[in-house]
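Enquirer: 3D, please:
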Amino acid sequence: SFDFRNAEYLDWGKTYNEVKEGMRKWKVSRFVPHLKTGDSIFESSCGVGLNLLMTLELIREETKNLHDLHVYGSDFGELAAGTANLLLDALVHDGKRGIVCTADSTNLFFISENSFDLVFGHIIPAPDPWTDESSKQVTVQHRDNICKTRATDWKSQVLFDLSQERQYSWYEKWAKEMVRIAKPGAPILIEQVPDPYCGADLELDPLGVSGVGFSFWQEADLDVDPESIEFEYDEVWPSSRRYHV
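Expert: Just a heads-up that it's a prediction; the model follows:
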């Protein structure tokens, strides 16, 4: 009986319906043209399944000729994966249910390569890329100071570079698994990528997370043609400077 469609979506201050409308243009333009009836799709790190459900609803709303999709996903949290399975069982009636399993998205070893017709997901940034000499988490204040002084303080620049190296390694492991399980030529769609915590303009991400810039995707060893990579800025949280790949 819980009205999840009009409740705040996760911890981002918007409802499911608001996020759905904000994501409509991106999902419809990137998912629908690349799918056909009977195709299999996989969401990496699907959480409790709301984004997967949202994607299926938008596909169904925008086309009448696409159905019987085989739906799969994974999430690191056992409770989240279990909730996703219950949600999809209850609300998805026009597709063929696969399974949402508990798994580390950076190591989907149990999935064969070339398995899915479309792979998508949101890469959660590395949990602690900023550490000090004692391997203790850097405080937000210290992190902000590194951002503001790295242009004039070599120590700050070294710490920033170290954090980005860890972030790059994390994103590359995650994205490589998405590429590996996708069929040759299948689209891989990565949503809501944040910029690095402090960019060239020294602006800080309002949501307090750190990611990677456009150049990462074109330089990373992902076994994809850099010319095939396209970017689109997010319309749900535009102030956070996030983008889709």
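Enquirer: Report the mean per-residue pLDDT for stretch 192-212.
Expert: Across stretch 192-212, pLDDT averages out at 66.
Enquirer: meant to ask about stretch 18-35, not that
Expert: On average, the pLDDT along stretch 18-35 is 94.
Enquirer: How about stretch 49-68?
Expert: The pLDDT scores in stretch 49-68 average 89.
Enquirer: Also stretch 91-105?
Expert: Mean predicted lDDT for stretch 91-105 stands at 81.
Enquirer: pull the CA atoms of that stretch into PDB?
Expert: Provided in PDB are the C-alpha atoms of stretch 91-105 (Å, rounded to 0.1, in the frame of the first residue of the first chain):
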ATOM      1  CA  LEU A  91       4.700  -4.900 -10.800                       C
ATOM      2  CA  VAL A  92       6.200  -6.300 -14.000                       C
ATOM      3  CA  HIS A  93       3.700  -8.200 -16.000                       C
ATOM      4  CA  ASP A  94       4.700  -7.800 -19.600                       C
ATOM      5  CA  GLY A  95       8.300  -9.100 -19.500                       C
ATOM      6  CA  LYS A  96      10.000 -12.300 -18.800                       C
ATOM      7  CA  ARG A  97      11.500 -12.200 -15.300                       C
ATOM      8  CA  GLY A  98      15.100 -13.100 -14.900                       C
ATOM      9  CA  ILE A  99      16.700 -12.700 -11.500                       C
ATOM     10  CA  VAL A 100      18.200  -9.900  -9.500                       C
ATOM     11  CA  CYS A 101      21.200 -11.400  -7.700                       C
ATOM     12  CA  THR A 102      23.400 -10.300  -4.800                       C
ATOM     13  CA  ALA A 103      26.800  -9.500  -6.400                       C
ATOM     14  CA  ASP A 104      29.700  -7.100  -6.600                       C
ATOM     15  CA  SER A 105      29.300  -5.100  -9.800                       C
END
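Enquirer: Grab the most central residue of this structure for me.
Expert: residue 122 (1.0 Å; CA atoms, centre = their mean).
Enquirer: thinking that one is in contact with residue 189, fair?
Expert: No: under the contact definition of CB atoms under 8 Å, residue 122 does not touch residue 189, with a separation of 10.0 Å. The way it works is simple: take the backbone N, C-alpha and C, and place the C-beta from them, glycine included.
Enquirer: Check the gap between the residue nearest to the centre of the chain and residue 105 for me.
Expert: Note on residue 122: its distance to residue 105, by CB to CB, to the nearest Å, is 10 Å.
Enquirer: ok, now residue 27?
Expert: Distance of residue 27 to residue 105, given as CB to CB: 20 Å.
Enquirer: can you check residue 222 too?
Expert: Residue 222 is 15 Å from residue 105, by CB to CB.
Enquirer: repeat for residue 7
Expert: 26 Å.
Enquirer: Out of those two, name the residue with the larger neighbour count.
Expert: A side-by-side neighbour count of residue 7 and residue 105, using other CB atoms under 10 Å, places residue 105 first with 22 against 11.
Enquirer: pretty sure that one is touching residue 174, no?
Expert: Yes: Residue 105 sits in contact with residue 174 when judged by CB under 8 Å, with a separation of 5.5 Å.
Enquirer: Please name the residues that touch residue 224.
Expert: Residues in contact with residue 224 (CB atoms under 8 Å, 6 or more residues apart in numbering) are 179, 188.
Enquirer: is it true that it lies in a helix?
Expert: No: using DSSP: H, G, I helix; E, B strand; the rest coil, the secondary structure at residue 224 is coil, not a helix.
Enquirer: Tell me the confidence at it?
Expert: 90.
Enquirer: Now do residue 233 against residue 185, distance only.
Expert: Residue 233 sits 26 Å away from residue 185, going by CB to CB.
Enquirer: Let me know the secondary structure of the closest residue to residue 73 other than its chain neighbours.
Expert: Sequence neighbours aside, residue 46 is the residue nearest to residue 73 in space, at 3.7 Å (criterion: CB to CB, 6 or more residues apart in numbering). Here residue 46 is recorded as coil under three-state DSSP.
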